[in-house]
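*Asks:* coords please:
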Amino acid sequence: MAASLIIWVASALLILGVLTQRHWDPWLKKAGYDRSAVSWRWYLVGFPATALRMRWRWKQVCLVNDLSISRTPTRAVLGDLAVRGTSLRPIPPRLGLPKLTRTGLVVRVRLQPGQTPHRFVMASEALEHAWRVHRVRVTTPRRGELIMTVTAGDSLRQPGKNGQVQQEPEPLMSARVGRIEDGGEWLLDLRRVPHWLVVGATQSGKSTLVGAWVRRLAPQPVALVGIDCKGGMELGLMEPRLTALACDRQQAIRVLDVLVDVMKTRMAVCRSAQVRSIWELPEDERPVPIVVLVDELAELYLSDGSRESRDEAMQCSTLLLRIAQLGAALGLHLIVAGQRVGSDLGPGVTALRAQLGGRIAHRVNDSSTAEMALGDLSPDAVAVAQSILPGEQGVAVTTVGARWMRVRSDLMSTEETRAVAARYADQTPRMPALSAAVAGDGEGGEAE
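*Replies:* Residues are numbered from 1 along each chain as shown. Next up is the predicted model:
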């Protein structure tokens, strides 16, 4: 009787979902509702079917993947012979009631005594196949409990096309650059995480992300400083909105040297005002925040073996590390990007990485780069980053602390990048010392 009732209800929901979608979609579209944001088929059909499938297959999945326990010992001694067997009545952990979300569901699992989360993390792929969902993520909020976050479909399948800057102002130093796997907005806040490392191979979406970041910061009262040792080919598109752009290593050293002087000046200001950060100063006395964009980090660290080249690489390493260590409280922020980031570039890269709390890894060509970017914060994210396919441009794995998630940056063409930079060129803060450092005349006056 109960099984018949469940089948009848599921069939009714399926028919209702199809009819509702066909009847209401034109009206919802005319009313301005986004079908991608409100998935009626998931609410009416997908969620009940997935919840029933999870409940129906839970015991079998736990048995096959060794996620159950036995109340009786699995070892026995017969004379001098030790025998190991499998219990005929395995007991799976208790699966809670699913909680509906916009793109999937969340369910709590109570572990049996002696169980650890590691086996469930390793079995997440098996759960995805058994439940016919896109992804299952396992987290541990407290001992003895698991939270399984199920994503029904891949919301990152298509890149977002958002060349227009939002009309509503964003919080200072914040940027909405794309979306995360559960369908929400991908927000990068430099006030919360002041320094970032972005890695990715050619055509992986690394430059697209940096362009989307600049697009969101362009309307804000922020100074953008670019260091692009590939002759300015990437960041040169945004030059009208950049306060300074260094196109080779000599210019980069002079620009970084000026920024260190800026930090010293701001330290004196904070000390005289008896505050620990420029954000504690009154708004009319607060200096302009500076975001330093470094494209292709390896170009700053590589050496041809000559003494001069080694000295330049060491200078770049030292100056970048000082900004990363001291800049957050003084309004200096780093966004460092590169195709390859590894310990073979020198010990300075490892020291710099330790100061870059935010990490973003696109598709990479070598495992050491993914390990360098994500391994020290979240080892599980390394394998996920290496599974990104060549066709998934803009898809990345980002991590702050031990939490990671898959994301995708908005698509932005070269023409849109130029247009945004030109539109907000009049809001570019002028810093003569930085301009003089790029020109190499050394007559820019005070650092700030």
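
*Asks:* those helices in the chain, which residues are they?
*Replies:* 2-31, 40-41, 47-64, 117-122, 124-131, 206-217, 249-273, 298-301, 307-326, 347-355, 367-374, 379-386, 414-423, 432-439 (DSSP state H).

*Asks:* Please identify the most buried of those helices.
*Replies:* Scoring the helices of the chain by mean neighbour count under mean count of other CB atoms under 10 Å gives helix 206-217 as the most buried, with a mean of 26. C-beta here means a position set from N, CA and C on the backbone, and glycine is covered the same way.

*Asks:* wait, what's in contact with the residue nearest to Glu145 when sequence neighbours are not counted?
*Replies:* Using CB to CB, 6 or more residues apart in numbering and skipping the chain neighbours, the partner closest in space to Glu145 is Arg110 (5.8 Å). By CB atoms under 8 Å, 6 or more residues apart in numbering, Arg110 lies in contact with Pro93, Arg94, Gly96, Gly144, Glu145.

*Asks:* Of these, keep whichever come out buried.
*Replies:* Neighbour counting by 16 or more other CB atoms under 10 Å classes Pro93, Glu145 among those as buried.

*Asks:* Just the pLDDT at the closest residue to Arg53 other than its chain neighbours, thanks.
*Replies:* Spatial nearest neighbour of Arg53, chain neighbours left out: Trp131 (5.6 Å); criterion: CB to CB, 6+ apart. Looking at Trp131, its pLDDT is 90.

*Asks:* Tell me the span between the first and last residue of stretch 353-365.
*Replies:* Stretch 353-365 has an end-to-end distance of 19 Å (CA to CA, to the nearest Å).

*Asks:* typo on my end, stretch 199-210
*Replies:* 11 Å.

*Asks:* same deal with stretch 420-433?
*Replies:* Per CA to CA, stretch 420-433 runs 25 Å from first to last residue.

*Asks:* and it, how far from the chain's centre?
*Replies:* 28 Å (CA atoms, centre = their mean, to the nearest Å).

*Asks:* go on, stretch 215-232?
*Replies:* Distance of stretch 215-232 from its chain centroid, counting by CA atoms, centre = their mean, is 20 Å.

*Asks:* for stretch 225-239, same thing?
*Replies:* On CA atoms, centre = their mean, the centre of stretch 225-239 falls 23 Å from that of its chain.

*Asks:* try stretch 132-147
*Replies:* Distance, centroid of stretch 132-147 to centroid of chain: 19 Å (CA atoms, centre = their mean).

*Asks:* what's the spacing between the residue nearest to Glu145 and Cys62?
*Replies:* 13 Å (CB to CB, to the nearest Å).

*Asks:* can you list residues touching both of those two?
*Replies:* Common neighbours of Arg110 and Cys62 (CB under 8 Å, 6+ apart) are Pro93.

*Asks:* got the helices of the chain as a markdown table, with distance to Trp196 columns?
*Replies:* Below are the helices of the chain laid out as a markdown table (distance: least, CB to CB, whole Å):
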| stretch | distance to Trp196 |
| --- | --- |
| helix 2-31 | 38 |
| helix 40-41 | 37 |
| helix 47-64 | 35 |
| helix 117-122 | 26 |
| helix 124-131 | 27 |
| helix 206-217 | 9 |
| helix 249-273 | 17 |
| helix 298-301 | 16 |
| helix 307-326 | 11 |
| helix 347-355 | 11 |
| helix 367-374 | 11 |
| helix 379-386 | 15 |
| helix 414-423 | 19 |
| helix 432-439 | 21 |
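
*Asks:* Among those, which comes closest to Thr139?
*Replies:* Thr139 lies closest to helix 117-122 among the helices of the chain, at 8.4 Å (CB to CB).

*Asks:* Right, I'll call it a day here.
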